[in-house]
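Engineer: A structural model of the following input is requested.
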Amino acid sequence: MPIALLWVQMKLKNLLKPDNWWILILSGIIFYMLFMIYSEPEYNKAFNFILPGLAITFLSTFVSFIVALFLGLISGIGRISKNKYARTISRTYIEFIRGVPVLILIFTIAFVVVVRGAELFNINNGNVPMLVRAIIALSVFYGAYIAEVFRAGIESVHTGQREGGASLGLSERQVMRYIVLPQAFRNMLPALGNDFISMMKDSSLLSVLAVEDLTYRGRLYSGSTFRFAETYLVLTVLYLIITLILSGFQRKLEKRLETN
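Structural biologist: Residues are numbered from 1 along each chain as shown. Take a look at the predicted model:
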């Protein structure tokens, strides 16, 4: 029997195990929806109108996540710093942001913080695009949560590693950069992956600022055609596919890091 056929049989047996039935169910839902999009004209129209928003969804998510990583790293290190001022500022930022709903924070940053900042620097408020305001809001919100991920990851590294680096004559910054953070990253990866996927889904809230992502284009289409079923079922399957793909990449990356 060819090796390829044996591999397929093994995969099928593994897929048919009760623990993996959820994959079959979700696959059935996705294939049914894709068939509807392909075969039904109204679903196809909704899909073609909504799909261009995918670029803005990915752009806002990736840029926001990079900025949030920077904010989280600085705040996470500040959270465990020996400097009382750094600890206070970091703790205040984290607790404040975590105590405010993301939608309220988006409105506050877009229509209050950015406006006041523009006035302070003598910039025309209308020249600040809504996409930029949305990215700032999403970055600030998730930066607070990622800060706790960095804090926990750094604290998970045994103190002996830091002491060993110090005994070699490395400064605290060098110990953090070359010894602690590389080891902490392995421990942080699952949580960071979950935050990225959550950010991808929460980016749908940016539609309230008229950012033309998937959700906003869906709202435009349903509002002009009154085809609510087609619109929101297409949005559902698009976000589901994106989330499952990202989750699959995350699991593969975790397995690869475990084997190295």
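
Engineer: Would you map the helices across the stretch 51-200 of the chain?
Structural biologist: 53-79, 84-98, 102-108, 114-120, 130-155, 159-167, 172-175, 181-202 (DSSP state H, counting those that start in this stretch).

Engineer: In the shortest one, which of the residues would be classed as buried?
Structural biologist: Meaning helix 172-175. Neighbour-count burial for helix 172-175 flags residue 175 (criterion: 16 or more other Cβ atoms under 10 Å). Glycine gets a C-beta too; all of them are placed from N, C-alpha and C.

Engineer: again with the fourth one
Structural biologist: The neighbour-count criterion (16+ other Cβ under 10 Å) identifies residue 114 as the buried residues of helix 114-120.

Engineer: what's the answer for the fifth one, then?
Structural biologist: With burial defined by 16+ other Cβ under 10 Å, the residues of helix 130-155 counted as buried are 131, 133-154.

Engineer: Please apply the same query to the second one.
Structural biologist: Buried residues in helix 84-98, defined by neighbour count with 16+ other Cβ under 10 Å: 86, 89-90, 93-94, 97.

Engineer: same check, this time on the longest one
Structural biologist: For helix 53-79, the neighbour count (16+ other Cβ under 10 Å) marks 53, 56-57, 60-61, 63-65, 67-69, 71-79 as buried.

Engineer: elements contacting it?
Structural biologist: Counting contacts by 3 or more Cβ pairs under 8 Å, 6 or more residues apart in numbering; DSSP states H and E, helix 53-79 is packed against helix 84-98, helix 130-155, helix 181-202, helix 214-225.

Engineer: Of all the helices of the stretch 51-200 of the chain, which one is nearest residue 23?
Structural biologist: Residue 23 lies closest, by Cβ to Cβ, to one member of these: helix 181-202, at 17.2 Å.

Engineer: That closest one vs helix 130-155, what angle?
Structural biologist: 140 degrees (axes from the mean of the first three to the mean of the last three Cα atoms, to 10 degrees).

Engineer: Who are the packing partners of helix 181-202?
Structural biologist: When contacts are defined as 3+ Cβ pairs under 8 Å, 6+ apart, helix 181-202 packs onto helix 53-79, helix 130-155, helix 228-259.

Engineer: can you put these in TSV and add distance to residue 40?
Structural biologist: Formatted as TSV, the helices and strands packed on helix 181-202 follow (distance: least, Cβ to Cβ, whole Å):
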stretch	distance to residue 40
helix 53-79	20
helix 130-155	32
helix 228-259	8
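
Engineer: Out of those, flag the one nearest residue 105.
Structural biologist: Going by Cβ to Cβ, the one of the helices and strands packed on helix 181-202 nearest residue 105 is helix 130-155, 5.3 Å.

Engineer: what about the closest one, distance to the chain center?
Structural biologist: In this view, helix 130-155 has its centroid 10 Å away from the chain centroid, taken as Cα atoms, centre = their mean, to the nearest Å.

Engineer: Next, the angle from it to helix 84-98.
Structural biologist: Using the same axes, to 10 degrees: helix 130-155 against helix 84-98 is 120 degrees.

Engineer: Can you check the pLDDT for residue 158?
Structural biologist: What the model reports for residue 158 is a pLDDT of 76.

Engineer: And it, how far from residue 169?
Structural biologist: In this view, residue 158 and residue 169 are 20 Å apart by Cβ to Cβ, to the nearest Å.

Engineer: quick one, what contacts residue 157?
Structural biologist: Going by Cβ atoms under 8 Å, 6 or more residues apart in numbering, residue 157 touches 179-180, 183-184, 187.
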